[in-house]
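Enquirer: let me see the structure of the following:
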Amino acid sequence: MSTGLLACVALLGALSGLAAPRAARHFTAPPASRERDPARDHAAGTGTVPGTVPHAEDTPAVARDADKAPAVVRDGDAGPSVVRVVEAAWGASAGALVFAGLAATLGADPALPVLLALAAVGQVLALVDLACLRLPDPLVGTAGLVAAGGLAGVAATSGNPGHLLGAMAGAVLCFACHVLLALLPGSRLGFGDVKLAAVLGLPLGWLGGPTLALGLLLPHLLHGVVVLVLLAAGRVRRDTPLPLGPALLTGAWLAALTA
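Expert: As a prediction, the model looks like this:
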């Protein structure tokens, strides 16, 4: 792949990384609070029946002068916080690295756009899992549709159905292995992780047996190293739940770079 095209792919990854935190906040934000009924709230404050108009003398002075009060300026309205700036810079850098790595490895492979789209969804999944220890089904389902539909389309247009069979075998193998891990006594592997592993098995199986084997092994090695480092630093305890999604995604990406 030419340097100019690689730079364009990296820029696309940076834009994807910039958008990922905003998309992740959609899945990590608390539920919207109950919508207030102005009539009910006013009645509660004035002792009047909803639907009736109170006399001016019955309305508290604070309520009468509310329209004259200056608007309250929130801290976040003054501009993006330092945390948001760092978050954006980190996301853009990670996205550019992920996209550029895939592009440099796969080159003109017709499956590259599918893997780039899957990587974009994966960035959002990683952020959500880090924030709230869950992998939402809508996001995992979207990743699955992108991978399965995209790879099926590539197999149909390239006339190489063998790769699609490999992708299906990879998904089945990843699903079966992680189901067994989840059913082990004391396992903390959630079925969100199992479903994500099955989705990642599609591109890993597409890229071949050695890539699939590495993609099965690397995530758990990475996760184990992170856990050991955090334990040694006293940041977590042995019973502290930690997300596996980022390790699954990172391991699959690193395995794809060896294809």
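Enquirer: quick one: the strands in the stretch 151-259 of the chain, in order.
Expert: Here the stretch 151-259 of the chain has no strands by DSSP state E, counting those that start in this stretch.
Enquirer: what segments of it are helices?
Expert: Using DSSP state H, counting those that start in this stretch, the helices assigned to the stretch 151-259 of the chain run over residues 161-183, 191-207, 209-232, 245-256.
Enquirer: tell me how far the first one lies from the chain's centre.
Expert: Looking back up the chat, that one is helix 161-183. Distance of helix 161-183 from the chain centroid (C-alpha atoms, centre = their mean, to the nearest Å) equals 22 Å.
Enquirer: most packed of the helices of the stretch 151-259 of the chain?
Expert: Among the helices of the stretch 151-259 of the chain, the stretch with the highest mean neighbour count (mean count of other C-beta atoms under 10 Å) is helix 191-207, at a mean of 25. All C-beta spots, glycine's among them, are computed from the backbone N, C-alpha and C.
Enquirer: my guess is residue 131 meets residue 21, correct?
Expert: No - under the criterion of C-beta atoms under 8 Å, residue 131 is not in contact with residue 21, lying 9.7 Å apart.
Enquirer: these two: which is more packed in?
Expert: Neighbour comparison, residue 131 and residue 21: the larger count goes to residue 21, with 18 against 15 (by other C-beta atoms under 10 Å).
Enquirer: from residue 141, how far out is that one?
Expert: According to C-beta to C-beta, to the nearest Å, residue 21 and residue 141 sit 21 Å apart.
Enquirer: and what of residue 104?
Expert: Counting by C-beta to C-beta, the gap from residue 104 to residue 141 is 30 Å.
Enquirer: same check on residue 188?
Expert: Distance from residue 188 to residue 141, by C-beta to C-beta: 23 Å.
Enquirer: please apply the same query to residue 233.
Expert: In this view, residue 233 and residue 141 are 36 Å apart by C-beta to C-beta.
Enquirer: who has more neighbours, these two?
Expert: Legend: neighbour count by other C-beta under 10 Å for residue 233 and residue 141, higher for residue 141 (13 against 8).
Enquirer: and that one, how far from residue 196?
Expert: 11 Å.
Enquirer: check residue 98 too.
Expert: Residue 98 is 16 Å from residue 196, where distance means C-beta to C-beta.
Enquirer: what do you get for residue 15?
Expert: 24 Å.
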